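> A structural model of the following input is requested.
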Amino acid sequence: MNTYKYYKNITDLLEEKKQGKKIVFTNGCFDLIHRGHVDYLKKAKELGDILVVGLNSDESIRRIKGAQRPINSQEDRKAVLEELKSVDHVVIFDEDTPLNLIIAISPDILVKGADWEIKNIVGADYVISQGGKVRTISFIDGLSTTNIIEKILNLYGRNYV
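Residues are numbered from 1 along each chain as shown. Now for the predicted structure:
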């Protein structure tokens, strides 16, 4: 399957890299955007010049999180992310991990949440082997899409219409 079938062209991004701009990459589902996401993406952007977000496709989220996810479609999630001032590029990928996308972009800095150990971050070995860095960013406690979904279900019941 073509990893980049939803993204028109990554050549502009690669051109920015050739111009010496520091590329930061992170990835995730970003299903229900909340303050924790915004804070995380802002901190990621502060690490470089261009922030690229690898966005799991709907199919990859279903494989990872189950048939009831995502709540929002990949196109809706992409549109919301693109409107955040910290985000420069959004690339949808179909695989369960963004490894192929990381290799294609070869970011200067790879970022994940602090709940990940660097040795377990997909693509960390590659980025480091290319002279890049891997960083983790702390989350705001208690803010997660799963927590939001649970709160809605607890407040309104599982059969709320």
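> Ramachandran angles for Ile105?
Main-chain torsions, Ile105, degrees, to the nearest 10: phi -90, psi -30.
> So which residue is smack in the middle of the protein?
The centre of the chain sits closest to Asn27, judged by CA atoms, centre = their mean, with a distance of 2.2 Å.
> and that one, which of the three is it?
strand (DSSP: H, G, I helix; E, B strand; the rest coil).
> and the nearest residue to it once chain neighbours are set aside, what is it in contact with?
Distance criterion CB to CB, 6 or more residues apart in numbering; nearest residue to Asn27, sequence neighbours excluded, is Gly54 at 3.4 Å. Backbone N, C-alpha and C define where each C-beta goes, glycine included. Shown in contact with Gly54 (CB atoms under 8 Å, 6 or more residues apart in numbering): 25-28, 91, 93, 98, 101-102.
> pretty sure Gly54 belongs to a strand, no?
Yes - the assignment for Gly54 is a strand, going by three-state DSSP.
> what bridges to it?
For Gly54, the beta-bridge partners are Asn27, Val91 (DSSP bridges).
> Show the low-confidence segments of this structure, by residue range.
The model of the chain has pLDDT under 70 over residues 1-9, 143, 158-161.
> Right, I'll leave it there.
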